[in-house]
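J.: Here is a sequence with its predicted model. Questions after.
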Protein chains: 2
Amino acid sequence: MSIPAPAIASFQPPRRTLMGPGPSDVPRRILDAMVRPTIGHLDPAFTDMMEQTKTLLRYAFQTENKLTFPVSGPGSVGMETCFVNLVEPGDKVIVCVNGVFGGRMVENVKRCGGVAVLVEDPWGRAVDADKVAAAFAAHPDAKILAFVHAETSTGAQSDAAALAAIAKRHGALVLLDCVTSLGGTPVLLDQWGIDAAYSGSQKCLSCTPGLSPVSFSEAAIRRVRARKTPVQSWFMDLNLVLGYWSGEGKRTYHHTAPINPLYGLHEALVMLAEEGLEAAWARHRAMHEALKAGLEELGLSFVVPEGERLPQLNSVTFPAGIDDAAARGHLLNDFNLEIGAGLGVLAGKIWRIGLMGASARRENVDICLRALRAVLG
Amino acid sequence: MSIPAPAIASFQPPRRTLMGPGPSDVPRRILDAMVRPTIGHLDPAFTDMMEQTKTLLRYAFQTENKLTFPVSGPGSVGMETCFVNLVEPGDKVIVCVNGVFGGRMVENVKRCGGVAVLVEDPWGRAVDADKVAAAFAAHPDAKILAFVHAETSTGAQSDAAALAAIAKRHGALVLLDCVTSLGGTPVLLDQWGIDAAYSGSQKCLSCTPGLSPVSFSEAAIRRVRARKTPVQSWFMDLNLVLGYWSGEGKRTYHHTAPINPLYGLHEALVMLAEEGLEAAWARHRAMHEALKAGLEELGLSFVVPEGERLPQLNSVTFPAGIDDAAARGHLLNDFNLEIGAGLGVLAGKIWRIGLMGASARRENVDICLRALRAVLG
């Protein structure tokens, strides 16, 4: 025993108002669900809950996809699960890049040995459907179109239905990042024809971070089953994960599921079903309108043009002369308010103000505007 | 909107006594920590807690490795993080297989493009050091020795110090699975010369499942930095993860950490430091002795020979004529007691009775023996 026991006390986090790009405020009801007694991951009571979670997720995603479940990891693991299963070495994938997360998709394609064809749009703008059509015309052998529905790094929303339709005309699968949109703005997997989608627990679902809901169409599953090469990740290989999550016949142990966090996600989804998707979308929209009015009054201008703006993630440029880090520090320390900094090329240039899930409420709008007024005034 | 909202109520799990191979009973104090207010993953208060968690993990692992942190995923992700970073295509890895988890290591090596050299021992026995020495003699170019310290599928413990010493003599890195041993029996990374280790939150640390503590030596980090090929996983690439967890200079966003589960792990580690490692090891040993006496009285015999037995995981064969599934169902339904079934070649042949973390206490031993007496009597 060469390393002595450190004297460290229990952690007591401060109470913040979370209005960054996620995590969002977690309702007491979800936290209460998370601390119900831990049971085993093969307990029949737990596997019943897994089936309910799948049903609830199908509602959230608006899909009948049987293979709809939460990956035991954050959104980045959900993203990687989609790519490692669907992309084989040499496969051409058209990837739309209009922010950080499109770039991360490109990185995923490369690490799977795929060939990424980039469709680039300015950060802060939606993906241009004409460019996607042109990319397919130039690369008719592309097997997948991948794009981010709601770019968390900029606050821009793309027209998923239109983009997916182009891919369908070319017989390509559609892979969708809906991390920031699920539960906040319409995500209609079946209507749009999405083949693989991933999201996160900590955005508009208002759960704690660490789980990534995913959904795969029958066409996507056929693609996975027809692979010539094994999936490079053992943990993310859907052929194996299915034995645990499919619910068909006997469940096979794959990994130990994160029991208590899954209680939390179940509760978050029960709450979403109780409120109803349309009501949740309308609430996010209404809070955005209220915040927008206040932000414009303060002289802050939106990065994203009106028609392409995400209600749940408001990117604004701050006035010249404001020290980015100092101002956000002021908000955090004096108002216990977290807002998001810019990412990538927008670092130091914008703030991202989230109105996601339980954070999309009048009280938060007021707290935010009051604090910004004090800091900018 | 084609999929209507399902009418599903909040989940109310039963209260179980968890004496399987993990998860183990989660103390109230850890659950209470998990429901403290969610804060942002870049909040200075949170990053302070991350540093404390690293310090506490260094104590648990008995290492001064700077790169010691919890991976945001279950133990299988910790395992894969070790392999994808350290194994390059063509690398020869000697893997000891004496149960399910050694087999999973082989699968990981293959998916990284490595060449696995198998050292096989009977399930229920420790790894034979002579065989490992012979494997190195036959394969002096092996770059890594990988083995499971505490085989969760059988309850056998191997002599990590002896095995690591053989690898060191051949200049190979040592990769250790200590999922089931950390906190229950001595794990001494620096003294043994371990280069990469992974564990789980839900075994002898008694936290909820979903996090995987890992630790890497300087030699391991040099190996990662000297790679000729990129790490195949974006999420697990230590070069990227380090930007968030290293604590050197500015923290870079990598993924959204599972905030509340990390509160729980921090608390579990604070409790371990308060009790002290030696006291925790002694408690696991004492509870094992108490359980063993009772099990033998009931006519159950141990799978693993005395000197190779894990105190925290007791594998026993059940009497002829007992219906495995029915008996475990009886324990679960009538006594709210979970014990583990056999895995792999031992499925249907053994039971695995865990005494891990908070489950390693007199009350649990009594509950288990009373229930088994009723079911077997």
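T.: Ah, there it is. Numbers count the residues shown, from 1 in each chain, chains lettered A, B, ... in the order given.

J.: Going by C-alpha atoms from here, please, whenever you check contacts or count neighbours.
T.: Will do.

J.: hmm, the least confident helix or strand in chain A by mean pLDDT touching chain B?
T.: Each helix and strand of chain A was given a mean pLDDT (mean pLDDT, DSSP states H and E); the minimum falls on helix A:238-245 at a mean of 87. No: judged by CA under 8 Å from any CA of the partner chain, helix A:238-245 stays clear of chain B, getting no closer than 11.8 Å.

J.: Put the alpha carbons of that helix into CSV.
T.: Taking C-alpha atoms only, helix A:238-245 is exported to CSV below (Å, rounded to 0.1, in the frame of the first residue of the first chain):
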residue,chain,number,x,y,z
LEU,A,238,-25.8,-4.5,-33.1
ASN,A,239,-25.7,-8.2,-33.8
LEU,A,240,-24.6,-8.7,-30.2
VAL,A,241,-26.5,-5.9,-28.5
LEU,A,242,-29.7,-7.2,-30.1
GLY,A,243,-29.4,-10.4,-28.0
TYR,A,244,-30.0,-8.3,-24.9
TRP,A,245,-32.3,-5.5,-26.1
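
J.: Can you give the contact residues for it?
T.: With CA atoms under 8 Å, 6 or more residues apart in numbering or on different chains as the test, helix A:238-245 has contacts from A:50, A:69, A:81, A:85, A:224-225, A:234-235, A:251-254.

J.: So which of these reach chain B?
T.: Okay, of the contacts of helix A:238-245 touching chain B (CA under 8 Å from any CA), that's A:234-235.

J.: out of the contacts of helix A:238-245, which are inside helices?
T.: A:50, A:81, A:85, A:224-225 (DSSP state H).

J.: Would you mind checking these for buried ones?
T.: A:50, A:81, A:85, A:224 (16 or more other CA atoms under 10 Å in any protein chain shown).

J.: Could you tell me how many residues sit around the closest residue to A:Ala126 other than its chain neighbours?
T.: Computed as CA to CA, 6 or more residues apart in numbering or on different chains, the closest residue to A:Ala126 that is not its neighbour in sequence is A:Ser158, at 4.6 Å. Neighbourhood size, A:Ser158 [other CA atoms under 10 Å in any protein chain shown]: 22.

J.: for the one 4 residues further on, same thing?
T.: Residues near A:Ala162, counting by other CA under 10 Å, number 14.

J.: looking at this, it is in a helix?
T.: Yes: the assignment for A:Ala162 is a helix, going by DSSP: H, G, I helix; E, B strand; the rest coil.

J.: can you tell me how far the residue nearest to it when sequence neighbours are not counted sits from A:Asp177?
T.: Distances taken as CA to CA, 6+ apart place A:Ala129 nearest to A:Ala162, at 6.9 Å, with adjacent residues excluded. Note on A:Ala129: its distance to A:Asp177, by CA to CA, to the nearest Å, is 17 Å.

J.: which bits of the stretch 101-250 of chain A sit near chain B?
T.: Residues of the stretch 101-250 of chain A lying near chain B (CA under 8 Å from any CA): A:107-108, A:111-112, A:188, A:208-210, A:230-235.

J.: Which of the residues you listed fall within helices?
T.: Reading helices off these with DSSP H, I get A:107-108, A:111.

J.: Let me have those in TSV, extended by pLDDT, neighbour count and distance to B:Leu173.
T.: Formatted as TSV, those follow (pLDDT from 0 to 100; neighbours: other CA atoms under 10 Å in any protein chain shown; distance: CA to CA, whole Å):
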residue	pLDDT	neighbour count	distance to B:Leu173
A:Glu107	98	16	29
A:Asn108	98	25	28
A:Arg111	98	22	25
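
J.: do you know how far the closest residue to chain B within the stretch 251-377 of chain A is from A:Glu278?
T.: Taking CA to the nearest CA, chain B has its nearest neighbour within the stretch 251-377 of chain A at A:Pro258, 4.4 Å off. For A:Pro258, the distance to A:Glu278 (CA to CA) stands at 30 Å.

J.: who's more crowded, those two?
T.: Taking other CA under 10 Å, A:Pro258 and A:Glu278 do not tie; A:Pro258 has more neighbours (26 against 14).

J.: what are the phi and psi angles of that one?
T.: Main-chain torsions, A:Pro258, degrees, to the nearest 10: phi -80, psi 80.

J.: looking at it, it is touching B:Thr208, isn't it?
T.: Yes: with contact defined as CA atoms under 8 Å, A:Pro258 and B:Thr208 form a contacting pair (6.8 Å).

J.: Contacts only, for A:Thr55.
T.: With CA under 8 Å, 6+ apart, A:Thr55 has these contacts: B:Pro6.
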